[in-house]
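A.B. asks: below: sequence and its predicted model.
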Amino acid sequence: MDDLPPPDAASVNPGIDRADALDALRGLAVLMMVFSGLVPRKPPLPAWMYHAQVAPPDFVFDPLLPGLTWVDWVFPLFLFAMGVSIPLALSRRIDRLVGDDSLTLIAIVRLLWDIARRWIELSAFAIVLQHFRPNHLSAKPTDLTWCLTLIGFGLLTLVYVRWPQSWRSRCPDWMPIAAKVVGWIAIAILMATLPFRDDTGFDLARQDVILMLLAVSALVSSLLWLVTRSRGSWRLGALALLLALRLSATADGWVASVWNGSPVSWLFRVEYLQYLFIVVPGTIAGDLLLRYWRDRAVETSRDLATHAVSRWRWLAIAKLLGLLLLTLLIGLQGRWVGLTTAIAIVGVVIILVSLPRGDHLSAGDRFRSQLIRWGSYWLILGLFFEPFQGGIHKDPPTLSYFFITVAMSLFLWVNLTIAIEDFDRPFRTRRWLQLAIDNGRNPMVAYVAYANVLLPVFNLTRLHPGLSLLTQAPVLAMMRAIVYTLLVALFTSWLLRLKIIWRTG
């Protein structure tokens, strides 16, 4: 990777407030996560509808069973989107602190505090949320359980909602802080008094592992980006060091002791760092997005008209990328590894040859081409690692799993970018993706909405037991899962319209 200049948030096109394609990517990831948890197991569906290592009909976890399904891709897709967001968020923060000046010691301290605060708040979210899950509040949920679950959602809203300017203008300045304090006090009281499942009480080890992984990954990758923001190649060097640690941890010695241990295992585990193989490539893509915004800010409409590549050419490339994604999911799950690798390499070559070239390409064309080239690199690297560690699998994660899912995430992001930027005017593609975009802008709510809002309401009104009884057939059970996911998406979008957005940091 060429070393990038320090991202300059001030030079970003002020007309581009959001990366809609990135929001859509994040929203699709969280909605796919919700849907994957609702896919019925009785009667069982085809194996590709579940985690590859929890195959039907027995659904017994087998760590030696290789394969890759769309369900296995969901978590790294979200991790990748988080990685892309890190340069965007930190560069904006740097611009607010120092503008065009160099970082001062005070600014660095404030940045470090912001990063640490986000880690602490996300870790706390992982612990508190898990305690307010209905299956952790009680082994046999009752109406009281469902009410406590809804109360937990309300308290988490007090703690994590970002007050919009319209709210602040109507309230005293101390109101947001007071609401947060009240929320935390109420949560602390409930944590200390509720018996929870099996009368075990509050337990720091009871936590949402996905959120804890996100917290650790966000902490370390943010620090790494801050150190290497003008030296992208250093980040690749850090990945090489991480690879050495990851491989050495499989042998006896001090590396294995460090890798598998932690003085505070409920808060930070060294082995979680392996997910930087997904997040760090995301930060590299985030740097490319910042550079794209900077270049587009100085690009005139005449330049765009003269040098932009035909959208139909990009549509053809998007279709090839979509076919490549299907090939990977089908071939790796079906264990046709050699054939899949050969087809993927040929497909990558065709796509790379099809990319536009020249010194006068538009900023958007250069950006998409760079993402595809990076995705091609990560894909080939992952496919070469596929036979290693017994084939690709999610848990324990293999190196091929990290790199292949990064490539797939990049390719999907390119396709969403093409759909939104090139085909919104003739086909209104943004409208069709708006639910995903909305959920990507409010992902914390989307992540908790089913278990902490929809399910309690449906159980208190006795709708869920009745619907479950009436939708036992495979097709009807799938329709129920789709409807529930759609309701989560609509609820999250509605809260976004009301400016009720959860944020950490």
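C.D. replies: Alright, I've got the coordinates.

A.B. asks: shaky segments in this structure?
C.D. replies: Residues of the chain meeting the criterion pLDDT under 70: 1-18, 100-101, 300-308.

A.B. asks: at 50 instead, please
C.D. replies: Residues of the chain that meet the criterion pLDDT under 50 lie in 1-17.

A.B. asks: name the element the spatially closest residue to Ser248 that is not a sequence neighbour belongs to?
C.D. replies: Among residues not flanking Ser248 along the chain, Val255 sits closest, at 4.0 Å (CB to CB, 6 or more residues apart in numbering). C-beta: built from backbone N, CA, C; applies to glycine. Counting by DSSP states H and E, the element that carries Val255 is helix 254-260.

A.B. asks: contact partners of that helix?
C.D. replies: The contact list for helix 254-260 (CB atoms under 8 Å, 6 or more residues apart in numbering) reads Leu245, Arg246, Ser248, Ala249, Thr250, Val270, Glu271.

A.B. asks: with stretch 112-121 instead?
C.D. replies: Identification of contacts with stretch 112-121 by CB under 8 Å, 6+ apart yields Leu90, Arg93, Tyr160, Ala215, Val216, Ala218, Leu219, Ser222, Leu223, Leu226, Thr504, Gly505.

A.B. asks: please report how far the last one lies from Ala116.
C.D. replies: Pointing back at Gly505 there. Per CB to CB, to the nearest Å, Gly505 is found 9 Å from Ala116.

A.B. asks: these two: which is more packed in?
C.D. replies: In this view Gly505 and Ala116 are compared by other CB atoms under 10 Å, and Gly505 has more residues nearby, 17 against 14.

A.B. asks: helices of the stretch 351-500 of the chain, start to end?
C.D. replies: 363-385, 399-427, 429-432, 434-441, 443-449, 455-460, 463-470, 474-497 (DSSP state H, counting those that start in this stretch).

A.B. asks: now do the buried residues in stretch 260-273.
C.D. replies: By 16 or more other CB atoms under 10 Å, the buried positions in stretch 260-273 come out as Leu267, Phe268, Arg269, Val270, Glu271, Tyr272, Leu273.

A.B. asks: for burial, what's the neighbour tally of Thr504?
C.D. replies: For Thr504, the count of nearby residues is 19 (other CB under 10 Å).

A.B. asks: list the buried ones in stretch 422-429?
C.D. replies: In terms of neighbour count (16+ other CB under 10 Å), stretch 422-429 has its buried residues at Asp422, Phe423, Thr429.

A.B. asks: dump the residue contacts of the first one.
C.D. replies: If I follow you right, that is Asp422. Counting by CB under 8 Å, 6+ apart, Asp422 makes contact with Arg311, Trp314, Leu315.

A.B. asks: mind redoing it with 10 Å?
C.D. replies: Ala308, Val309, Ser310, Arg311, Trp312, Arg313, Trp314, Leu315, Ala318, Gly364, Arg368, Thr429 (CB atoms under 10 Å, 6 or more residues apart in numbering).

A.B. asks: ranking the helices of the stretch 351-500 of the chain by mean neighbour count, which comes first?
C.D. replies: Each of those was assessed for mean neighbour count using mean count of other CB atoms under 10 Å. The highest is helix 443-449, with a mean of 25.

A.B. asks: in CSV, list the C-alpha atoms belonging to that one.
C.D. replies: Output of helix 443-449 as CSV, limited to C-alpha atoms (Å, rounded to 0.1, in the frame of the first residue of the first chain):
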residue,chain,number,x,y,z
PRO,A,443,-26.9,-0.2,14.5
MET,A,444,-26.9,-0.5,18.3
VAL,A,445,-30.7,-0.2,18.4
ALA,A,446,-31.1,-2.6,15.5
TYR,A,447,-28.9,-5.1,17.3
VAL,A,448,-31.0,-5.1,20.5
ALA,A,449,-34.5,-4.4,19.1
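
A.B. asks: now for it, which elements pack on it?
C.D. replies: helix 20-38, helix 70-98, helix 105-131, helix 143-160, helix 209-228, helix 434-441, helix 474-497 (3 or more CB pairs under 10 Å, 6 or more residues apart in numbering; DSSP states H and E).

A.B. asks: could you give the angle of the fifth one to helix 70-98?
C.D. replies: So the one you mean is helix 209-228. Orientation of helix 209-228 against helix 70-98 (axes from the mean of the first three to the mean of the last three CA atoms, to 10 degrees) gives an angle of 40 degrees.

A.B. asks: buried residues in helix 209-228, which are they?
C.D. replies: So helix 209-228, judged by 16+ other CB under 10 Å, has buried residues 211-222, 224-226, 228.

A.B. asks: was I right about Pro281 contacting Val84?
C.D. replies: Yes - using CB atoms under 10 Å, Pro281 makes contact with Val84 at a distance of 9.3 Å.

A.B. asks: touching both of the two, which residues are there?
C.D. replies: Both Pro281 and Val84 are in contact with Ser409, Leu410, where contact means CB under 10 Å, 6+ apart.

A.B. asks: against Val34, how distant is the residue nearest the centre of the chain?
C.D. replies: Taking CA atoms, centre = their mean as the criterion, Phe78 is the residue nearest the geometric centre of the chain, at 1.6 Å. Distance check for Phe78 against Val34: by CB to CB, it reads 11 Å.

A.B. asks: what sits in contact with each of the two?
C.D. replies: Shared contacts of Phe78 and Val34 (CB under 10 Å, 6+ apart): Tyr447.

A.B. asks: returning to that earlier point: what subset of the contacts of Asp422 is buried?
C.D. replies: With burial judged by 16+ other CB under 10 Å, the buried subset of these is Ala308, Val309, Trp314, Ala318, Gly364, Arg368, Thr429.

A.B. asks: returning to that earlier point: which one is the residue nearest to the centre of the chain nearest to, not counting chain neighbours?
C.D. replies: Closest residue to Phe78 apart from its sequence neighbours, by CB to CB, 6+ apart: Ala29 at 3.9 Å.

A.B. asks: tell me how many other residues crowd that neighbour.
C.D. replies: Ala29 sits with 27 neighbouring residues when counted by other CB under 10 Å.

A.B. asks: pretty sure it contacts Leu77?
C.D. replies: Yes - at 4.2 Å, Ala29 and Leu77 qualify as touching, with contact defined as CB under 10 Å.

A.B. asks: can you list residues touching both of those two?
C.D. replies: Here Ala29 and Leu77 have Ser409, Leu412 as joint contacts, going by CB under 10 Å, 6+ apart.

A.B. asks: from Val346, how far off is Leu339?
C.D. replies: Distance from Leu339 to Val346, by CB to CB: 11 Å.
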